[in-house]
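Asks: Based on what follows, work out the 3D shape:
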Amino acid sequence: MLFDWFQAGQRDLDLRRAAEQLAHDTRKTDTPALVSLPDLYASDALNTSDGIAIVTRNGNVAVSFGKKLPESAAKSVLMSASAHLMTLNDGKQHYRIATQPLRSTSGIAATALAWRNEDSDEALDRNLILAFTLGMPVVLLTAILGGWLAAGRGLAPLRAMAATASVIAAERLDARVEEPASNDELTTLARALNRMLERLQAAFERERRLTGDVSHELRAPLAVIRAAADHALGHPNDAATLYSSMKTVALEADELETVISEVLAAARSETTASSSGSTDAAAAIFDVVEELYPLSRSRAIKISVDTGEETLMRVDERAFVRAIRAVVHNAVMHATSHVAVRTEAADGLVRIDVIDDGPGFSADGLIHAKERFWREDSARSRGSGSGLGLAIADELLRRYGGSLSLSNEPEGAKVTLELRLHSSQ
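Replies: Here you go, the predicted model:
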């Protein structure tokens, strides 16, 4: 409808211009009823209408070019002092006519006309309306079907994601949503969901491992405490039995405290995010040695520290203190009389050696000592530790690009920690 309205307005404008052009060319002659043929053929009046003509005041066609205007239509044109745009019907066809008066000294001498057959335009309009009427349902149906198919295809990845998410549970955190190959917003969403699922799976695995570790390590001391308590209750009047039972309970309580502290430290080492910063290895080592002094004194263990000049490392201070404390504590617990701590900087690394004069690592110990809760068969007696110290230190160092290695020296065991210097890239 907008197209038809625009086209009708354009046709009327062309007719007006054709009539004005014809009137302009006619006024150049001495006689208003005549027209200059060279000027007429040079104009666009005939190109924008079916025909043009000059009609005298009595309705006779004086000059006509293009298609012939019926006499009846010419006589119906009213002489007027202003331009007109009208539609006439001669009983056979409809004409759209634009008029332009031609004046002389005695008044209106004639009228310039430009006309167009409207039946062909109406036939075109009817055909357009028919085509629109017949085509609109097809277009609408095609649009609905195409939209349904496009929406179904576009939402298929979302339905697949929803189906995968619905089966994910604590027991099936290994499932992942499919990442579309379209590399668009849906692909980005799928990748984000998979990264989230990986983090959740890692968190659940840590929690499951922590729960299993705690239950495994606490079972033995709790059983011993329960047995000692039952034994004491069975001999309420025997002072020696009560003393022995209470001593056992106290020792196992110390063991429980050690295990719980180390398990919590291991959990913190897994969840601690790596942060930028620097730590002075020498200062941290001296602080740890001072902290462990009561333990080393009670065991008659001497700790010596030999540090180099360059000991500033690229590591979080709290993480390094936990790691070096675990290693030195382990050395003190297995040493006979002496623990040596030495630092050296070379090739962009700070190397820290912790050496004790104890029995050293066994062949299995060199392989498994950094594993959680692993202990030598000879160290299975109560109070020997939980087997988490070196595992905690190794986990913390690896988070900062460092390493922990085990070896044996002639005088005992050696644990080596390596971390990057703060000045290295």
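Asks: Count the residues that sit near V415.
Replies: Using other CB atoms under 10 Å, V415 is surrounded by 26 other residues. From N, CA and C alone the C-beta is placed, and that goes for glycine too.
Asks: Below-threshold pLDDT in the stretch 151-300 of the chain: ranges please.
Replies: 169-171, 210, 212-221, 255, 258-259, 261-277 (pLDDT under 70).
Asks: hey, where'd the strands end up in it?
Replies: 279-280 (DSSP state E, counting those that start in this stretch).
Asks: Now do the helices in it.
Replies: With DSSP state H, counting those that start in this stretch, the ranges of helices along the stretch 151-300 of the chain come out as 185-234, 239-271, 281-291, 293-298.
Asks: Compare those helices and report which one is nearest to N58.
Replies: helix 185-234 (78.2 Å; CB to CB).
Asks: returning to what we had before: quick one: closest of the helices of the stretch 151-300 of the chain to E418.
Replies: helix 281-291 (11.0 Å).
Asks: contacts for the closest one?
Replies: Helix 281-291 is contacted by residues 296, 303, 305, 307, 311-313, 317, 320-321, 324-325, 328, 341, 343, 350, 352, 419 when judged by CB atoms under 8 Å, 6 or more residues apart in numbering.
Asks: ok, 10 Å please
Replies: For helix 281-291, contacts defined as CB atoms under 10 Å, 6 or more residues apart in numbering pick out 280, 296, 303-313, 315, 317-318, 320-329, 332, 339, 341-343, 345, 350-352, 354, 417, 419, 421.
Asks: Low-confidence bits of the stretch 301-425 of the chain, can you list those?
Replies: Low-confidence segments of the stretch 301-425 of the chain (pLDDT under 70): 372-388, 423-425.
Asks: residues in contact with T187?
Replies: T187 is in contact with 157, 179-181, counting by CB under 10 Å, 6+ apart.
Asks: would you say V339 is within a strand?
Replies: Yes - counting by DSSP: H, G, I helix; E, B strand; the rest coil, V339 is located in a strand.
Asks: Within its local environment, how many residues does it see?
Replies: Close neighbours of V339, defined as other CB under 10 Å, add up to 28.
Asks: One more: L15?
Replies: Neighbours of L15 using other CB under 10 Å come to 24.
Asks: Please, which helix or strand holds the closest residue to it other than its chain neighbours?
Replies: Using CB to CB, 6 or more residues apart in numbering and skipping the chain neighbours, the partner closest in space to L15 is A98 (3.8 Å). Counting by DSSP states H and E, the element that carries A98 is strand 94-104.
Asks: For that strand, buried residues please.
Replies: Neighbour-count burial for strand 94-104, counted by 16 or more other CB atoms under 10 Å, picks out 94-102.
Asks: just stretch 416-425 next, same as before
Replies: The neighbour-count check on stretch 416-425 (16+ other CB under 10 Å) flags 416-422 as buried.
Asks: Quick one: distance of that stretch to the chain centre.
Replies: Distance of stretch 416-425 from its chain centroid, counting by CA atoms, centre = their mean, to the nearest Å, is 35 Å.
Asks: can you list contacts of that stretch?
Replies: 277-281, 310-315, 320, 323-324, 327, 342-343, 345-355, 393-394, 396-397, 400-407.
Asks: Next step: the residues you listed restricted to helices.
Replies: Among those, the residues falling in helices (DSSP state H) are 281, 320, 323-324, 327, 393-394, 396-397.
Asks: Now list the buried members of those.
Replies: Buried positions within the ones in helices among the contacts of stretch 416-425, assessed by neighbour count (16+ other CB under 10 Å), are 281, 320, 323-324, 327, 393-394, 396-397.
Asks: Cool, thanks, talk later.
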